[in-house]
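S.K.: Build me a model from this:
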Amino acid sequence: MYIKKIIYLISLGLFVACQPQTYEEKNPSDSVERALVDSTEQPFLISCEGVGKLSLEANLKEIKRTFGEKYVTTQENRITRQMQTLVTDTSGHIRFIINWREAQVGEVIDFVEIRDSTHAYTFENGIQVGATLQEISKRNGTPIPFFGFGWDYGGTIAVKEMNGKILTDCPCFGGVLGREVFKQTLLGDQLFYSDDPSVQAEKIVLKKILLYHRTTAE
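M.R.: Predicted structure coming up:
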């Protein structure tokens, strides 16, 4: 009986030793870095590190490995002609859209778009898609500047003209505002501010979060 037990333990050890190494076992340092973002405790957190399980330092191969190849699609944006990668969930909802640095497609992320509130991706300060302009302004502590509606960059938050707490805490923050009802007001290539009475009279909300790579935001 004793000899049989020894033979069993030896064979078990050989079986375990022959198992193929995982990516994390082969790349322990990479696994540690990835764990900082890929935390199951905060799966919907947005920060300058990334969005939930998505690291802003990831390349296309790593993204496919994280979310599953069948949920990751790369295509050309019909308007900008830039390549972008869509990451969807099992229901077909778009988690986020990854825009790549020009000439470094699949290697270096330029910025990430979050449009859908289904997954409740949220900054630590509580800002998420659907937040009102006044809520964002309150969290910032100073008025939010944005470009007028009705053109290519309509509703885009003018982060280079922006001061306050949000960019201090998260310099990668950006976003696009929208309104439910179109009006012949607040239009064109000019800046408006959230404390303007004409702005406060309308319901303006965050339609899209833009999370810039650190080197893009600088």
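S.K.: What's opposite the most centrally placed residue in the chain in the beta bridge?
M.R.: Nearest to the geometric centre of the chain sits V51, at 4.1 Å (C-alpha atoms, centre = their mean). Assessed by DSSP bridges, V51 has beta-bridge partners I46, L54.
S.K.: Flag the shaky bits of the protein, pLDDT-wise.
M.R.: For the chain, the stretches flagged by pLDDT under 70 are 1-42, 215-218.
S.K.: you'd agree E113 is in a strand?
M.R.: Yes. When DSSP: H, G, I helix; E, B strand; the rest coil is applied, E113 is found to be in a strand.
S.K.: before we move on, the earlier item: now do the contacts for the residue nearest to the centre of the chain.
M.R.: V51 is in contact with L45, R95, F96, V112, I114, Y121, L211, counting by C-beta atoms under 8 Å, 6 or more residues apart in numbering. In short, each C-beta sits where N, CA and C put it, glycine included.
S.K.: Quick check: the last one touching V159?
M.R.: No. Between L211 and V159 there is no contact, the gap being 11.5 Å when judged by C-beta atoms under 8 Å.
S.K.: Can you check which strand is longest in the chain?
M.R.: strand 204-212 (DSSP state E).
S.K.: Against E49, how distant is P171?
M.R.: Counting by C-beta to C-beta, to the nearest Å, the gap from P171 to E49 is 12 Å.
S.K.: what does stretch 165-172 contact?
M.R.: Residues contacting stretch 165-172 (C-beta under 8 Å, 6+ apart): 46-48, 56, 123-125, 127, 136, 139-142, 159, 173, 211-214, 217-218.
S.K.: where along the chain do the strands fall?
M.R.: Ranges of strands in the chain, per DSSP E, are 45-47, 50-51, 54-55, 72-76, 83-88, 94-100, 109-114, 122-123, 145-147, 173-179, 191-193, 204-212.
S.K.: Quickly list the domain ranges of this protein.
M.R.: Following automatic domain parsing, one gets these domains for the chain: 31-114, 125-217.
S.K.: got a list of what the closest residue in space to C172 that isn't next to it in sequence touches?
M.R.: Nearest non-adjacent residue to C172, counting by C-beta to C-beta, 6 or more residues apart in numbering: C48, 4.2 Å away. Contacts for C48 (C-beta under 8 Å, 6+ apart) come out as L56, C170, P171, C172, L211, R214, A217.
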